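1. Here is my input, please return the structure:
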Amino acid sequence: MSPTLSPTRPASVEECAAALAEANAKGRTVRIRGAGTKEYLGDLVATDTVVETTALAGIVAHVPADLTVTVRAGTRLADVRAALANAGQMLPLDPPHDDAATIGGVVAANSSGFRRARYGGVRDLLIGTTYVLADGSVARAGGRVVKNVAGYDLNKVLIGSLGTLALIVECTFKVLPLPAATAALRARFASAADAFALCDALARTSARPAALALEGHGPHEWSVVVEAAGDPAAVERTLKIAGDAAGEAKIERIDDPETALAPLRDIVNDRTGAIVRASLPPAAQLAFADTALRLDGFTRLVADAASGVVRVHTRGDDDDAIAAADALLAAARAVGGAARVERRADRLRARIPAWGDGDLPGLFLMRRLRSEFDPKGILEPGRGPVR
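-> Residues are numbered from 1 along each chain as shown. This next block holds a predicted model:
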């Protein structure tokens, strides 16, 4: 394979189409990059060229009355958030790297955040896309209104595809009014069982927290952050319910929830050892955490306890990291979930495949989709589970 060429930065749908059509005709492989915040995902291999989306920036349409916004894929999520806030609205996605991440990257990585259980994730909020196929064809899915014609929702296919199916150039989302008030509390526990018990108890109440994030550093160091959002009375009610459910735990109030949630998202920034991301039935999270605690090199666990997304970071020598990754992937399957290696030290990339042994549910369907969308396999080769 030839060395990677200088990046191309198309500034329009037409330029994106021309870039991919040329690469496809010449058999050149392509990496698609936004801000580069998700380049640790998947199994990267060298490509012949890179298509960067940062020139595809800006809000195309914002209709406050319809609660929709259409943005170009290279637009930073932070810029979208700021523009919507001026209209008293929000796009309630809070993924890692949300200060730099681009909209296209957030969609391609299916990167939501702790507020997914309350407001929905990328799959719930995305209602339309414009994208370019590997041969340069421009296609659209969904639309710019919340209610669209029934049929196959091809938006769902692109979400989480990591650029292996198409180049996303434009996205339309549902947006929501900004809450009048937000606040949070942190409850500290001496065991994982007590921390998960609080999360389970809150899931059974009418509190409806905006976020329910859990963190553990060892057998006796666990905490839960409960964010409340809405009118001031509803916020206080949610925090009271959470405080009462926490029992004898040590509790502190946090007026700016972001100061508590941001460090938990940052678990993905650690470049040492390995980070495994598991999607689990909520009731299985404690059993999975018990497995993590027994691993050599266990460092930290962070869970979106309301939706069952758990990340575990382990470090130690290389053999420990490999053994831990294997054990966590197996543990997720054993409790009815699924997992992947989200990040690992650069020196371990060749020894710890992102997708484990590749025995993933729906792999046959993924292969069929890849063959239809990108017959020559030029887009992000090696990035996803389909080779």
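
2. For the closest residue to Lys38 other than its chain neighbours, give me its contacts.
-> Leaving aside its chain neighbours, Lys38 sits nearest to Ala109 (4.7 Å; criterion: CB to CB, 6 or more residues apart in numbering). The C-beta positions use only the backbone N, C-alpha and C, and glycine is treated the same way. Contact criterion CB atoms under 8 Å, 6 or more residues apart in numbering gives 38, 41, 95, 160, 162 as the residues in contact with Ala109.

3. go with 10 Å
-> Contact analysis of Ala109 by CB atoms under 10 Å, 6 or more residues apart in numbering lists 34, 37-38, 41-42, 95-97, 101, 122, 159-163.

4. So which of those is the closest to Val276?
-> Leu41 (12.8 Å; CB to CB).

5. Tell me how many other residues crowd that closest one.
-> Look at Leu41: counted by other CB atoms under 10 Å, it has 22 neighbours.

6. Is it in contact with Gly382, as I believe?
-> No. Using CB atoms under 10 Å, Leu41 is not in contact with Gly382, being 11.8 Å away.

7. ranges for the strands of the stretch 51-200 of the chain?
-> Using DSSP state E, counting those that start in this stretch, the strands of the stretch 51-200 of the chain run over residues 59-63, 68-72, 89-90, 126-132, 138-142, 167-174, 176-177, 181-189.

8. Equivalent analysis for the stretch 251-387 of the chain, please.
-> So, for the stretch 251-387 of the chain - with DSSP E, counting those that start in this stretch - the strands run 274-279, 298-304, 309-314, 338-344.

9. Which helix runs longest in the chain?
-> helix 318-334 (DSSP state H).

10. gap between it and the chain center?
-> Mean-position distance between helix 318-334 and its chain equals 21 Å (CA atoms, centre = their mean, to the nearest Å).

11. now do stretch 380-387
-> With CA atoms, centre = their mean, you get 18 Å for stretch 380-387.

12. just stretch 254-272 next, same as before
-> 14 Å.

13. swap in stretch 24-31?
-> 27 Å.

14. Can you give me the buried ones in it?
-> For stretch 24-31, the neighbour count (16 or more other CB atoms under 10 Å) marks 24, 28-31 as buried.

15. hang on, the earlier thing: can I get the strands of the stretch 251-387 of the chain in a markdown table with mean neighbour count, distance to Glu252 and mean pLDDT?
-> Listed next are the strands of the stretch 251-387 of the chain as a markdown table, based on neighbours: other CB atoms under 10 Å; distance: least, CB to CB, whole Å; pLDDT from 0 to 100:
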| stretch | mean neighbour count | distance to Glu252 | mean pLDDT |
| --- | --- | --- | --- |
| strand 274-279 | 24 | 27 | 96 |
| strand 298-304 | 24 | 18 | 97 |
| strand 309-314 | 25 | 23 | 97 |
| strand 338-344 | 22 | 30 | 94 |
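
16. Any chance of the strands of the stretch 51-200 of the chain in a markdown table with distance to Arg115 and mean pLDDT as columns?
-> Below are the strands of the stretch 51-200 of the chain laid out as a markdown table (distance: least, CB to CB, whole Å; pLDDT from 0 to 100):
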| stretch | distance to Arg115 | mean pLDDT |
| --- | --- | --- |
| strand 59-63 | 21 | 96 |
| strand 68-72 | 17 | 97 |
| strand 89-90 | 10 | 98 |
| strand 126-132 | 15 | 96 |
| strand 138-142 | 22 | 92 |
| strand 167-174 | 14 | 97 |
| strand 176-177 | 10 | 97 |
| strand 181-189 | 11 | 98 |
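
17. and of those, who's closest to Ile267?
-> Going by CB to CB, the one of those nearest Ile267 is strand 181-189, 16.5 Å.

18. contacting residues around the residue most central in space within the chain?
-> The centroid of the chain falls nearest to Ser111 when counting by CA atoms, centre = their mean (1.8 Å). Ser111 is in contact with 37-38, 41, 77, 93-98, 101, 105, 121-122, 159-160, 265, 268, counting by CB under 10 Å, 6+ apart.

19. any idea which of the contacts of Ala109 has the most stuff around it?
-> In terms of neighbour count, Gly34 stands highest of those at 27 neighbours, by other CB under 10 Å.

20. Over to it: give its phi and psi.
-> Backbone torsions for Gly34, taken as degrees, to the nearest 10, come to phi -100, psi -110.

21. So for it, what's the pLDDT?
-> pLDDT for Gly34: 94.

22. Same check on Asp270?
-> At Asp270, pLDDT is 92.

23. Number of residues surrounding it?
-> By other CB under 10 Å, neighbour count at Asp270 equals 15.

24. Quick check: it touching Arg343?
-> Yes. With contact defined as CB under 10 Å, Asp270 and Arg343 form a contacting pair (7.4 Å).

25. Now for the two: what residues contact both?
-> His313.

26. what's near enough to touch the closest residue to Val69 other than its chain neighbours?
-> Of all residues not flanking Val69 in the chain, His62 sits nearest, at 4.6 Å (CB to CB, 6+ apart). His62 is in contact with 68-71, 80, 83-84, 86-87, 89, 175, counting by CB under 10 Å, 6+ apart.

27. distance of the residue nearest to the centre of the chain from Ala35?
-> 12 Å (CB to CB, to the nearest Å).

28. Identify the contacts common to the two.
-> Joint contacts of Ser111 and Ala35 (CB under 10 Å, 6+ apart) are 77, 97, 101, 105.

29. If we only consider those, which is nearest to Ser6?
-> Gly105 (20.5 Å).

30. what sits against the closest residue to that closest one other than its chain neighbours?
-> Spatially, and ignoring its direct neighbours in sequence, Gly105 is nearest to Gly34 (3.8 Å; CB to CB, 6+ apart). Taking CB under 10 Å, 6+ apart, we find Gly34 in contact with 52-54, 56, 73-76, 100-109, 163, 168.
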